[in-house]
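In: could you work out the structure for the sequence below:
(one chain, ligands or ions: 1)
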Amino acid sequence: MFPSRVVRQSIPLIHIPRNSAVYALGAANKRSKPLFETGSVDWSVDAKDSWALVGRGKGHIFQTLLGHTRVSPTPPDSLYPKFKSLDQDAFSRLKFVSFRHSASSAGEFYDYTARYGAMRDGDDKTLGERFDEILQEERVHMSEHTPEDGQHPGLIEEREYRELLESLGLTPLLTVPLIALSNGQTRRARIARAILRRPDIILLDEPLSILKDVTPAFVSHIAFLEKDTFWAGPRDEFFGDFVKRHFKEGNTEVWANGFGTGSAGTPKGWKTREDAPLVVDLQGVNVVYQGKRKILDQISWQIRQGDRWHLKGQNGSGKTTLLSLITGDHPQSYVQKHLLLPPTFSPTSPQGFTPTLAHRKRIPTPVLKSSIGVLSPELFDAFPRREPGMSVWDAVQTGFGGVFVPAGEGVGMASVDDIFEDGKRDEVREWRVKRCWEVLEALGPNSWADKQVSQTPGEGASEATEAFAARPITSLTQGEQRVVLLMRALVGRAPLVILDEVWSGMEEGMINAVKAYFKSGRAFGDHQAVVVVTHWEEEVPWTREEGLQSFRLEKGYGKTE
Ligand SMILES: Nc1ncnc2c1ncn2[C@@H]1O[C@H](COP(=O)(O)OP(=O)(O)OP(=O)(O)O)[C@@H](O)[C@H]1O
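Out: A predicted model of the protein is given here:
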């Protein structure tokens, strides 16, 4: 939460008294089961506190703060006592920034289709211009209120504004079009946009896109909600007594670090790495924008079958750009001198593809798409989940062709028809159906759902999976949609799999299920190369001992570490 300008320290900004029950808005009556109860915890948030909401039920706390639940009995001074005492509308003094829906919720800040292509009219508004607009809106808003009515905190001061941009690393980006900002840059820009309006409370939903317990230093307090346990208090007490007591039963995984010592996924099969065929071969690759912004400078990178790579680099260092050259999404992929990729792909042949690579411009895009399994924030935004009637099954199947739209009986078969001789086609189809069920079983609700809640007693494992496969993708939670799009990336056993921010938006149970699948060694075959993109070492499913290599991008240059 952002330090408040309101001075009366004794009245809390937020207060949910002890012995309160919090209900979903539509809950019929008091006999309905509450979302959570405060029990003996009297939860108060004061100005200058910085709270982190954690635990599986944190979403309920968030919804409560957004006014989307009913607190019973109604708190005597409202949920927002300080604003009540000042006769202010709490929701006008609160800013909510959600990162859960990935970049698309940034709206004005993102458009996947336009990013690499020619910019359209209106796409070229820069970050600086957008911030100027916001400040102008605030000026107008301010002019409509008197200083006494407390409805406007006054404009951010010039010095404070400059410091804000500096601290978020946005100063050099002011002249960059919004559309060109990288994911991390967009996140930071959205936080700055909220702060520019000088709210008393900022709610940031999943701002860090990380797997788990990296609690930023500025967090002073923690509110925890899971099943029947609600706890709120100072950070030190949480990590001391509370975690020890609450997690003593063994559920410590979420607070432990990293993947532990999983040994699966170890690339094997070739005596030395150099014996393995190349999947990607880049030499001297460059990307320059507007003739001057050099994003990639003479990048050379070879990826071989069985390789496990961690692609690293700060926000804006060019990771997405580099990967978009490999996936063929970037128009400049055609003009690179040396950008070699797999020209064919046969999931049922032992090796998976013809070992002689071809230049990107000689590979039809549908073939390239079928050779690369991708899950990324960009894909999550762009995936046309609203395609009428698209079920989970349909969505997973699109992974075989790397396409977006289910194509009738043989989803993604278009390119395969060209590749395979008559007679082999059924074999492929059979393999595909089997693979779909495999990933659905491995990563579907059987692996992560709270079984008491979502399964009726006696329901068989496959029944739950079948029911899940038939659900419209739009009916799933954001976390469930992420898991489905991960299944889509894995289903084809493509020679190259790219997993960019794979954990973001997933619930804890899903994260554990995916981790278990990666560790089991069944997720990837030895013929597959995998590139993981994350800012956090502990999110990478493999260790150096298991063959992990790192490729770092920095100031346009790339190097193997
Ligand atoms: N069309 C464009 N014009 C100008 N600059 C661009 C354009 N597209 C991208 N950029 C710039 O290229 C740089 C690299 O962006 P990219 O998305 O590849 O970074 P990234 O490493 O993936 O970052 P993140 O970790 O935040 O996702 C950024 O500084 C971005 O502003």
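In: show me where the stretch 1-150 of the chain has its helices.
Out: Taking DSSP state H, counting those that start in this stretch as the criterion, the stretch 1-150 of the chain carries its helices at 58-65, 81-85, 112-116, 127-143.
In: which other residues reach the second one?
Out: Residues from elsewhere that reach helix 81-85 (CB atoms under 8 Å, 6 or more residues apart in numbering): 4, 6, 8, 11-15, 47, 75, 77-78, 89-90, 93, 200. Every residue, glycine included, has its C-beta placed from N, CA and C.
In: cool, the longest one as well?
Out: Counting by CB under 8 Å, 6+ apart, helix 127-143 makes contact with 108, 152, 154-156, 161, 170, 173-178, 181, 189, 192-193, 196-198, all of which sit outside it.
In: quick one on the thing from earlier: closest to Thr356 out of the helices of the stretch 1-150 of the chain?
Out: When the helices of the stretch 1-150 of the chain are compared by CB to CB, helix 112-116 sits nearest Thr356, at 27.8 Å.
In: ok, Ile295 touching Ser324?
Out: No. If you go by CB atoms under 8 Å, Ile295 and Ser324 don't touch, sitting 10.8 Å apart.
In: near the ligand, which residues of the stretch 51-200 of the chain are found?
Out: Residues of the stretch 51-200 of the chain lying near the ligand by CB under 6 Å from any ligand atom: Val176, Ala180, Leu181, Ser182, Asn183, Gly184, Gln185.
In: I should have written the chain there, sorry.
Out: Residues of the chain lying near the ligand by CB under 6 Å from any ligand atom: 176, 180-185, 289, 293, 295, 313, 315-321.
In: go again using 8 Å as the cut-off
Out: Applying CB under 8 Å from any ligand atom, one finds that the chain approaches the ligand through 115-116, 119, 173, 176-177, 179-187, 287, 289-290, 293, 295, 313-324, 377, 500-501, 533, 535, 553.
In: what subset of these is buried?
Out: Buried members of these, counted by 16 or more other CB atoms under 10 Å: 115-116, 173, 176-177, 179-187, 287, 295, 313-324, 377, 500-501, 533, 535, 553.
In: hmm, back to that, identify the contacts common to Ile295 and Ser324.
Out: Shared contacts of Ile295 and Ser324 (CB under 8 Å, 6+ apart): none.
In: returning to what we had before: could I get the helices of the stretch 1-150 of the chain as JSON lines with mean pLDDT?
Out: As requested, those are exported to JSON lines (pLDDT from 0 to 100):
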{"stretch": "helix 58-65", "mean pLDDT": "85"}
{"stretch": "helix 81-85", "mean pLDDT": "86"}
{"stretch": "helix 112-116", "mean pLDDT": "52"}
{"stretch": "helix 127-143", "mean pLDDT": "89"}
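In: residues near Pro234, how many?
Out: Burial of Pro234 is recorded as 12 neighbouring residues (other CB atoms under 10 Å).
In: would you agree it is in contact with Val219?
Out: No. In this structure, Pro234 is not within contact of Val219 by CB under 8 Å, at 10.2 Å.
In: pLDDT of the helix or strand containing Lys369, averaged?
Out: Using DSSP states H and E, Lys369 maps to helix 365-371. Mean per-residue pLDDT for helix 365-371: 83.
In: counting contacts, what elements does it pack onto?
Out: Secondary-structure packing of helix 365-371 (3 or more CB pairs under 8 Å, 6 or more residues apart in numbering; DSSP states H and E): helix 392-401, helix 413-419.
In: circling back to that earlier point, only the buried subset of the contacts of helix 81-85, as a PyMOL command please.
Out: The PyMOL selection below is limited to those of these classed as buried (16+ other CB under 10 Å):
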select buried, resi 4+6+11+12+13+14+15+47+75+90+93+200
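In: would you indicate which residues of stretch 279-288 are buried?
Out: Buried-residue list, stretch 279-288, by 16+ other CB under 10 Å: Val279, Val280, Asp281, Leu282, Val285, Asn286, Val287.
In: so which helix or strand takes in the residue of the stretch 401-550 of the chain at minimum distance from the ligand?
Out: Going by CB to the nearest ligand atom, the ligand is nearest to His535 of the stretch 401-550 of the chain, at 7.0 Å. Using DSSP H and E, His535 sits within no helix or strand.
In: centre-most residue in the protein?
Out: The centroid of the chain falls nearest to Ser504 when counting by CA atoms, centre = their mean (2.9 Å).
In: can you tell me the element that one falls in?
Out: Applying DSSP H and E, one finds Ser504 in no helix or strand.
In: distance between stretch 292-302 and the chain's centre?
Out: How far stretch 292-302 lies from its chain's middle: 26 Å, per CA atoms, centre = their mean, to the nearest Å.
In: likewise for stretch 506-521?
Out: Distance of stretch 506-521 from the chain centroid (CA atoms, centre = their mean) equals 15 Å.
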